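*Asks:* compute the structure for the input listed below.
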Amino acid sequence: MTMRMAALAAAALALVGSGVRAQAIETHESISYEGAQKIVDTCAAMAKANNWTISIWVLSPSGEPVAFAATKGATPTGNKTSRWKAETSLSTRAPSGARAAALTTPANIIATQALGMFPVAGGLPLIHDGQLIGAVGAGGARPVNGVAVDEVCAQAGIDAVFKK
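*Replies:* As a prediction, the model looks like this:
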């Protein structure tokens, strides 16, 4: 009888274990390569039409690059800052420039620096049906009449994909 109880216990554990595994897995959406490339192409075309020098990154929810482009004259600094802006948006689920508003206390300044956030406009999260599917970062262009054209360009790319 002890052998039979052990076999039943093992079978029950196997059933429970398989249910736990199934519940422990979630699927997450991500921006597709085609969608990311359209964001990049739209922003690059806008930058070229306005004679802006700009770099554009699109990152997956895990922070991996999906697409990148830089217009003629883009600098290594612009390439880096555009990625930092996308990473900041990814980690905060908010525009990268919004982080600047949090820099009112020493604790928030230290946290922003320690977490490697870049609180400058130009990074935008990609949220679809309430789920974070990536982020866009544009950088390198100079503001025009006080407007952060990096963010304007990134938003134009997002709008081209999601038809806002």
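*Asks:* low-confidence stretches in this protein?
*Replies:* Along the chain, segments meeting pLDDT under 70 span 1-23, 26, 164.
*Asks:* going along the chain, name the strands of it.
*Replies:* Along the chain, counting by DSSP state E, strands occupy 55-59, 65-70, 123-128, 131-139.
*Asks:* please identify the most buried of those.
*Replies:* strand 55-59 (a mean of 30; mean count of other CB atoms under 10 Å). To be clear about C-beta, it is placed using only N, CA and C from the backbone, and glycine gets the same treatment.
*Asks:* which strands and helices sit next to that strand?
*Replies:* With contacts taken as 3 or more CB pairs under 8 Å, 6 or more residues apart in numbering; DSSP states H and E, strand 55-59 sits against helix 33-49, strand 65-70, helix 76-92, strand 131-139, helix 149-162.
*Asks:* distance from the chain centre to the third one, please.
*Replies:* What it means is helix 76-92. Relative to its chain's centre, helix 76-92 lies at 9 Å (CA atoms, centre = their mean, to the nearest Å).
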